[in-house]
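K.L.:
I'll drop the sequence and a predicted model, then ask my questions.
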Amino acid sequence: MLKRAENLVLAAALASMALMPVAEILLRALLRVGISGAASFTQHFALIAGMLGAAVAAREQRLLSLSTLDSLLVGRGALLARFFTRTVAVIVGALLCLASVELVLAERAGGNVIAYGIPVWLGQAALPLGFALITLRLAWSASVNWPARLATLALAAAVAAAAASRLPLGNVMATTAVCVVLVAAILGSPVFTTLGGLPMASIPLDHYRLVVNPSLPMIPLFTLAGYFLAEGGAPRRLIRVFDALFGGMRGGAAIATVLACAFFTSFSGASGVTIIALGGMLMPLLLSAGYSQKNALGLLAGAGSLGGMLPPGLPLVLYAIVARVSIEEMFLAGILPGLLLVALVALWGFSRAPRAAVTARKFDWREARAALLAAKWELALPPVAFLGLFAGFATPVEAAALTAVYAFVVEVLVHRDLDLRRDVPRVMAECGLLVGGVLLILGVALGFTNYLVDARIPERAVDWVTAAIHSRWMFLVALNLFLLVAGCLLDIFSATVVLVPLIVPLGLAFGIDPIHLGIVFLVNMELGYLTPPVGMNLFFAAYRFGKPLPEVCRAALPVVGVLAIGVLLVTFVPWLATGLPQLLK
């Protein structure tokens, strides 16, 4: 009963996020009036959806971790590691809950309102409630025994009480706490535990500031559009289109695979969703075209991440928010590099095709026309998004909301692939789970970043790097090596919030355009999707196709090399990133 209620509230929050901006567009166009505080309401709905989604992710034990070492342990070692990591996570969650309560009480005393007399603290209350739910669920998953669960909660309560009493924390205790958090991270504790394990008093405030950022609702809204497409009949219709257009030629199955994956990832923002949604249809297509199991597996693992560079890719949105550059310019900057990576992977797939096509056939104009007509509503989705973004009648968040509502209408009302009562709440809850997990990481990562800024780490980094490196090109080489390592250890979302404030000042010191720097950063992070130990595409491919992780890693290795060529081209040919933004200014 509680699970169903949570899913419904989460779906309602996401629906409110999508419908309010669309209502604002219609009222402004038809009656020249608006909804007071519409943007602020949308931002607070994003906060509610994010915290409740994170609680659902904790309920389903799907909070992202930096390490998968715990999955390799067996027996008593696995049980002890799980208890230790969950206990650390419960303590961090309890401290964040306590700090959130203090934030809400301070805001309540301030008396600020969103609109229509609704106080700001009421929206902020999602923070302590969300952290409380996450903490309780982590405690529940710490062990199967009640005494161990209660011991975990009692320890967390004691630490929180000590923090509430403002007991002094000596250097030895602080160092010990950091070491404990790092060990827990190595053993597989959730990412938010690691990033939130440093000074926590400011993290709820930073989390709140990030989530109510005017542009951040674009991330859950575009993700929602992608989920409606992935869960409806869009994968089948779009694969039919690409297969009809390219399937008859040598390597056409690979081209169809790459294009279909890039299209979906650009909207869902999650390459794992693309692999799960499309893998079951694309793998048989590749095998029937004569591709080996190894090449098909490597192609699907690599193609899943390609759409992140194409607008409205969510990594582009997040980088623009963190680096404080134009979202529209980042969208334009991602087009040529994104198409370059798509072309390189498609060429590799073409080169792996058998010389004599197993399913060679002539181009069928009738089938191509039928496929295009069947998928016409999905193919119109990018123009809908771009029209809202660049035509000037909608803000970026309103354009994202319009895209989500359009995807809902197409999959639920036009094609009727999703049932309004049975399927839509489930799809929205699944979307909210992903969004909540990501926003939880981003919120605590921003607090960690602000801690680094307060410690003057970016300034010291600039001084050290400019003293050690004097050439712009050598800096770019060093940056690529650093980001390659970072991509092996951090997911793209937490890496963006933590690393971008550090590398942007370095780029400026060497005269590198922040837009170009952003594209270099993001293509390296895309490469990180295929590099262990945190290469998420490797894990999703292993899960989807039932293959051992080492086998998937070996299969994806050639695609890693191909993407590395793309990274170098984007790095040392800046025009690929800056050409379109400069041309269309």
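P.N.:
Nice, thanks for sending it over.

K.L.:
do you know how far Gly226 is from Ala400?
P.N.:
11 Å (C-beta to C-beta, to the nearest Å). Every C-beta, even on glycine, is put in place using the N, C-alpha and C of the backbone.

K.L.:
so where's the stretch 101-250 of the chain shaky on pLDDT?
P.N.:
For the stretch 101-250 of the chain, residues meeting the criterion pLDDT under 70 lie at 166-171, 174, 197-207, 211.

K.L.:
For the protein, give me the ranges with low pLDDT.
P.N.:
66-73, 166-171, 174, 197-207, 211, 269-273, 356-361, 533-534, 585.

K.L.:
now the helices: where do they sit in the stretch 251-400 of the chain?
P.N.:
252-268, 271-288, 293-303, 314-323, 327-351, 365-374, 376-379, 381-390, 396-408 (DSSP state H, counting those that start in this stretch).

K.L.:
what's Ala394 in contact with, if anything?
P.N.:
The neighbours of Ala394, taking C-beta atoms under 8 Å, 6 or more residues apart in numbering as the test, are Pro21, Ile25, Gly388, Leu402.

K.L.:
Out of those, grab the one that's most surrounded.
P.N.:
Pro21 (29 neighbours; other C-beta atoms under 10 Å).

K.L.:
Please identify the helix or strand for it.
P.N.:
Using DSSP states H and E, Pro21 sits in helix 2-30.

K.L.:
Tell me the helices and strands packed up against that helix.
P.N.:
Packing contacts for helix 2-30, counted by 3 or more C-beta pairs under 8 Å, 6 or more residues apart in numbering; DSSP states H and E, involve helix 38-59, helix 218-231, helix 396-408, helix 424-454.

K.L.:
I'd like to know which of the ones you listed lies nearest to Met536.
P.N.:
helix 424-454 (11.6 Å; C-beta to C-beta).

K.L.:
And the next helix or strand past that closest one?
P.N.:
Counting by DSSP H and E, what follows helix 424-454 is helix 457-468.

K.L.:
CA-only coordinates of the helix or strand just after that following helix in CSV, if you can.
P.N.:
Following helix 457-468 in sequence order, the next helix or strand is helix 472-489 (DSSP H and E). Only the C-alpha atoms of helix 472-489 are listed here, as CSV (Å, rounded to 0.1, in the frame of the first residue of the first chain):
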residue,chain,number,x,y,z
ARG,A,472,47.8,25.2,-24.1
TRP,A,473,48.1,21.9,-26.1
MET,A,474,50.0,20.1,-23.3
PHE,A,475,47.3,21.2,-20.9
LEU,A,476,44.7,19.6,-23.2
VAL,A,477,46.7,16.4,-23.3
ALA,A,478,47.0,16.4,-19.5
LEU,A,479,43.3,17.2,-19.2
ASN,A,480,42.3,14.3,-21.4
LEU,A,481,44.4,11.9,-19.3
PHE,A,482,43.0,13.2,-16.1
LEU,A,483,39.4,13.0,-17.4
LEU,A,484,40.0,9.5,-18.7
VAL,A,485,40.9,8.4,-15.1
ALA,A,486,38.0,10.4,-13.7
GLY,A,487,35.6,8.7,-16.1
CYS,A,488,36.8,5.3,-14.8
LEU,A,489,35.8,6.3,-11.2
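
K.L.:
Give me the residues contacting helix 472-489.
P.N.:
For helix 472-489, contacts defined as C-beta under 8 Å, 6+ apart pick out 66, 465, 469, 495, 499, 503, 506, 510-512, 520-521, 524-525, 527-529, 531-535, 567-568, 571-572.

K.L.:
any chance you could map the helices in the stretch 101-250 of the chain?
P.N.:
120-124, 126-141, 146-164, 171-187, 191-195, 203-211, 218-231, 234-246.

K.L.:
Met330: which of those is closest?
P.N.:
helix 218-231 (11.4 Å).

K.L.:
Would you tell me which of the helices of the stretch 101-250 of the chain gets closest to Leu418?
P.N.:
Of these, nearest to Leu418 by C-beta to C-beta is helix 218-231, at 6.3 Å.

K.L.:
name the helices or strands packed onto the closest one?
P.N.:
helix 2-30, helix 38-59, helix 252-268, helix 271-288, helix 314-323, helix 381-390, helix 396-408, helix 424-454.

K.L.:
and it with helix 271-288, angle?
P.N.:
30 degrees (axes from the mean of the first three to the mean of the last three C-alpha atoms, to 10 degrees).

K.L.:
how about helix 218-231: buried residues?
P.N.:
218-231 (16 or more other C-beta atoms under 10 Å).

K.L.:
Kindly report the same for stretch 156-164.
P.N.:
Neighbour-count burial for stretch 156-164 [16+ other C-beta under 10 Å]: Ala156, Val159, Ala160, Ala163.

K.L.:
now the closest residue to Gly307 other than its chain neighbours: how far from Leu517?
P.N.:
Counting by C-beta to C-beta, 6 or more residues apart in numbering, Gly307 lies nearest to Thr265, which is 3.0 Å off, once chain neighbours are set aside. Computed as C-beta to C-beta, the Thr265 to Leu517 distance reads 22 Å.

K.L.:
Same question for Phe246.
P.N.:
35 Å.

K.L.:
Give me the more crowded residue out of the two.
P.N.:
The residue with more neighbours, out of Phe246 and Leu517, is Leu517; 25 against 21, by other C-beta under 10 Å.

K.L.:
quick one: what helix or strand has the more buried one in it?
P.N.:
Leu517 belongs to helix 514-528, assigned by DSSP H and E.

K.L.:
Ala89 too?
P.N.:
Ala89 belongs to helix 75-110, assigned by DSSP H and E.

K.L.:
got the angle between that helix and helix 38-59?
P.N.:
Here helix 75-110 runs at an angle of 160 degrees relative to helix 38-59 (the same axes, to 10 degrees).

K.L.:
If you count neighbours, what's buried in helix 75-110?
P.N.:
79, 81-101, 103-104, 107.

K.L.:
Ok, stretch 8-16 next?
P.N.:
In stretch 8-16, counting by 16+ other C-beta under 10 Å, buried: Val9, Leu10, Ala11, Ala12, Ala13, Leu14, Ala15, Ser16.

K.L.:
from what I can see the fifth one touches Ile48, true?
P.N.:
What that stands for is Ala13. Yes. At 4.6 Å, Ala13 and Ile48 qualify as touching, with contact defined as C-beta atoms under 8 Å.

K.L.:
returning to that earlier point: which of the helices and strands packed on helix 218-231 sits closest to Lys362?
P.N.:
Of all the helices and strands packed on helix 218-231, helix 252-268 comes closest under C-beta to C-beta, at 12.1 Å.

K.L.:
any idea of the angle the closest one forms with helix 396-408?
P.N.:
Using the same axes, to 10 degrees: helix 252-268 against helix 396-408 is 130 degrees.

K.L.:
Helix 252-268 - contacts with which helices or strands?
P.N.:
helix 218-231, helix 234-246, helix 271-288, helix 293-303, helix 327-351.

K.L.:
Single out the most deeply packed of those.
P.N.:
helix 218-231 (a mean of 28; mean count of other C-beta atoms under 10 Å).

K.L.:
wait, which of the helices of the stretch 251-400 of the chain is closest to Gly561?
P.N.:
It's helix 327-351; of those, that one is closest to Gly561 (C-beta to C-beta) at 8.7 Å.

K.L.:
From the chain's centroid, how far away is that closest one?
P.N.:
19 Å (C-alpha atoms, centre = their mean, to the nearest Å).

K.L.:
picking up where we left off before, quick one, which of the helices of the stretch 251-400 of the chain gets closest to His44.
P.N.:
It is, among the helices of the stretch 251-400 of the chain and with distance given as C-beta to C-beta, helix 396-408, at 13.0 Å.

K.L.:
just to revisit the earlier point, mind putting the buried residues of stretch 8-16 into a markdown table with distance to Leu440?
P.N.:
Output for the buried residues of stretch 8-16, formatted as a markdown table (distance: C-beta to C-beta, whole Å):
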| residue | distance to Leu440 |
| --- | --- |
| Val9 | 17 |
| Leu10 | 14 |
| Ala11 | 19 |
| Ala12 | 20 |
| Ala13 | 15 |
| Leu14 | 16 |
| Ala15 | 21 |
| Ser16 | 20 |
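
K.L.:
I appreciate the help and will end here.
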